[in-house]
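# sequence and predicted model, in that order:
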Amino acid sequence: MIARYTPKEIGAVWTDQTKFQTWLDVELAVIEARCQLGVYLPDISERIRSQASFEVEAINELDRQIEHDLLAFVEVVRRSLPPELRWYVHDGLTSYDTEVPALALQFRKAGGILVSDLDLLITSFRRKASEHLYTYCMGVTHGQDAEPTTFGWRLCGYLDMMQQGKDSLISVLENISLVKCSGAVGNWATISPELEERVCKLLALRPRPAATQIVSRDVFARLLAEVAIIGGCLEKIATDLRLLATSAYREVQEPRKPKQKGSSAMPHKINTILLERICGMAIMLRGYAAMGQELIRTWLERDIAHSCVERIAFADATIVLDYMLQKMYWIVENLIVYRPKMAHGIQRSLGCWTSEHVKLLLCRKGIDPEDVYLFIQSCAFKAFEEQRLFRDVLWESVVPSVGKTLSEVIEAAELDSCFDFKQQLSSLSATAIKRMGLDPTLALPPNI
């Protein structure tokens, strides 16, 4: 991934230095396990551990000659040791006896960073949702004004998505911690099951029940799929905020740096560049997820077609998601919310949002449901066409099946109760507090 989109901490997980060091950690664990099992003399592990080293450029230079980075790594490490200790390195192992556990360790580091950033974002959403517990706004379905809700409850939906994503990611990472160190085709011909178990224990990993030269790539396909799903959730959130930031709504604004500029031509514009970038990056993650599906198909005990894909996809997918999480956290923490504009949005539909409540009221009066629907629909359309309040149009209109105006059918107080959205939402705040763990002490005063 290019430096522009690479957070420093997770970028360090996927450097050549880290990769080769992790390979060395696995090789040293194998040697230590053999010492513990009495295969090697007790002092061999410590002697090798104190002397074994490598230089990245030396490995890369040798790799350019022999076209095999693991063997280049092994040769460079062996050169750092006295002749009598060199044969212990990579003794009886195949490349992926080293690389599979090492990759799991790298994913554990990368996954820990992603989970930590998810925790930060979840906490931010919970705090922001608590603040806007009573920030009333218009709910929108199919791009049309629907019924009032609260901005806090909308944020709760995002909070729930991130919590589900975190839980699923942790589960997938657990499966990647199942590794192999069992020889060229996974039959323990040169490595005993006991040694594999001891190596896994030293590395805080677990043996996979069955493997070939590699572990089956379905686990990585699931990881890339989950990364893409979390990215898709971030894309949904970013899309919602982008819509609310458009000129038609102006209910939120993406935060900006003091000297930040928008359009090169139009200084008045505040473009949602970060939210749009998040949406673009979600496309990249879906591409990596598609690559993950292709990884599963390997020839018998192993072929190498998956390797070049993994070298790019694994690092890039985790780096991109981490970048997206960090940017979304910054956006949520500093999001500008125009509460008066949200309040104004409820009046945007001239009160037509209460159509369902009026429908229920009249049906309970014994009027035919189909007649009620058509009556309310015609009144709503008339209100929009004439730009009049829905209540006024309803009150003076004739209910066809009854032959009387609505004012002759019901009391004014009954109709007015249909427009009391605060009463209709009376269960919402309590439910949000209970189910989503919101803190009501952080809530801002109602914006209406």
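Done, it's in.
# mind listing the helices in the stretch 151-300 of the chain by residue range?
Residue ranges of the helices in the stretch 151-300 of the chain, as given by DSSP state H, counting those that start in this stretch, are 151-176, 193-202, 218-245, 273-295.
# from those, which stretch is densest packed?
Of all these, helix 218-245 has the most neighbours on average by mean count of other C-beta atoms under 10 Å, namely a mean of 21. Backbone N, C-alpha and C define where each C-beta goes, glycine included.
# which other helices and strands contact that one?
helix 151-176, strand 252-253, helix 273-295, helix 305-334 (3 or more C-beta pairs under 8 Å, 6 or more residues apart in numbering; DSSP states H and E).
# would you mind writing the CA trace of the third one as CSV?
Yep, that's helix 273-295 we're talking about. C-alpha atoms of helix 273-295 as CSV (Å, rounded to 0.1, in the frame of the first residue of the first chain):
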residue,chain,number,x,y,z
ILE,A,273,-13.4,14.3,0.9
LEU,A,274,-12.7,11.8,3.7
LEU,A,275,-16.1,10.3,3.6
GLU,A,276,-15.8,9.9,-0.2
ARG,A,277,-12.4,8.4,0.3
ILE,A,278,-13.8,5.8,2.7
CYS,A,279,-16.4,4.9,0.1
GLY,A,280,-13.7,4.5,-2.5
MET,A,281,-11.6,2.3,-0.2
ALA,A,282,-14.5,0.0,0.4
ILE,A,283,-14.4,-0.9,-3.3
MET,A,284,-10.8,-1.9,-2.9
LEU,A,285,-11.6,-4.2,0.1
ARG,A,286,-14.3,-5.9,-2.0
GLY,A,287,-11.6,-6.5,-4.6
TYR,A,288,-9.4,-8.2,-2.0
ALA,A,289,-12.3,-10.3,-0.8
ALA,A,290,-12.8,-11.5,-4.3
MET,A,291,-9.1,-12.4,-4.5
GLY,A,292,-9.6,-14.3,-1.2
GLN,A,293,-12.2,-16.6,-2.9
GLU,A,294,-9.6,-17.4,-5.6
LEU,A,295,-7.0,-18.4,-3.0
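# packing partners of it?
Against helix 273-295 (3+ C-beta pairs under 8 Å, 6+ apart) you get helix 218-245, helix 305-334.
# what's in contact with stretch 195-215?
For stretch 195-215, contacts defined as C-beta atoms under 8 Å, 6 or more residues apart in numbering pick out 25-26, 29-30, 32-34, 36-37, 39, 94, 96, 100-101, 104-105, 177-182, 184-186, 188, 193, 298, 300-302.
# per the record, what domains does the protein have?
Domains of the chain are assigned by automatic domain parsing as 94-343, 352-418.
# would you mind finding the most buried of those?
Most buried among the domains of the chain, counting by mean count of other C-beta under 10 Å: domain 94-343, with a mean of 19.
# could you dump the helices of the stretch 151-300 of the chain to CSV with mean pLDDT and distance to residue 361?
Below are the helices of the stretch 151-300 of the chain laid out as CSV (pLDDT from 0 to 100; distance: least, C-beta to C-beta, whole Å):
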stretch, mean pLDDT, distance to residue 361
helix 151-176, 97, 25
helix 193-202, 97, 67
helix 218-245, 97, 31
helix 273-295, 96, 40
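# make JSON lines out of the ones you listed and add distance to residue 432.
Converted to JSON lines, the helices of the stretch 151-300 of the chain look like this (distance: least, C-beta to C-beta, whole Å):
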{"stretch": "helix 151-176", "distance to residue 432": "6"}
{"stretch": "helix 193-202", "distance to residue 432": "44"}
{"stretch": "helix 218-245", "distance to residue 432": "17"}
{"stretch": "helix 273-295", "distance to residue 432": "24"}
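# of those helices, which is nearest residue 443?
Shortest distance between residue 443 and the helices of the stretch 151-300 of the chain, using C-beta to C-beta, is found for helix 151-176: 7.8 Å.
# so which elements touch that closest one?
The helices and strands touching helix 151-176, judged by 3+ C-beta pairs under 8 Å, 6+ apart, are helix 95-131, strand 136-141, helix 218-245, helix 426-436.
# again, 6 Å this time
Helix 151-176 sits against helix 95-131, helix 218-245, helix 426-436, with contacts defined as 3 or more C-beta pairs under 6 Å, 6 or more residues apart in numbering; DSSP states H and E.
# reformat these as JSON lines; add distance to residue 281.
As requested, these are exported to JSON lines (distance: least, C-beta to C-beta, whole Å):
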{"stretch": "helix 95-131", "distance to residue 281": "14"}
{"stretch": "helix 218-245", "distance to residue 281": "7"}
{"stretch": "helix 426-436", "distance to residue 281": "27"}
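# of those, which is nearest residue 322?
helix 95-131 (5.8 Å).
# quick one: average pLDDT of that closest one?
Per-residue pLDDT over helix 95-131 has a mean of 97.
# packing partners of it?
Other elements packing on helix 95-131 under the criterion 3+ C-beta pairs under 6 Å, 6+ apart are helix 8-13, helix 16-36, helix 151-176, strand 178-179, helix 305-334.
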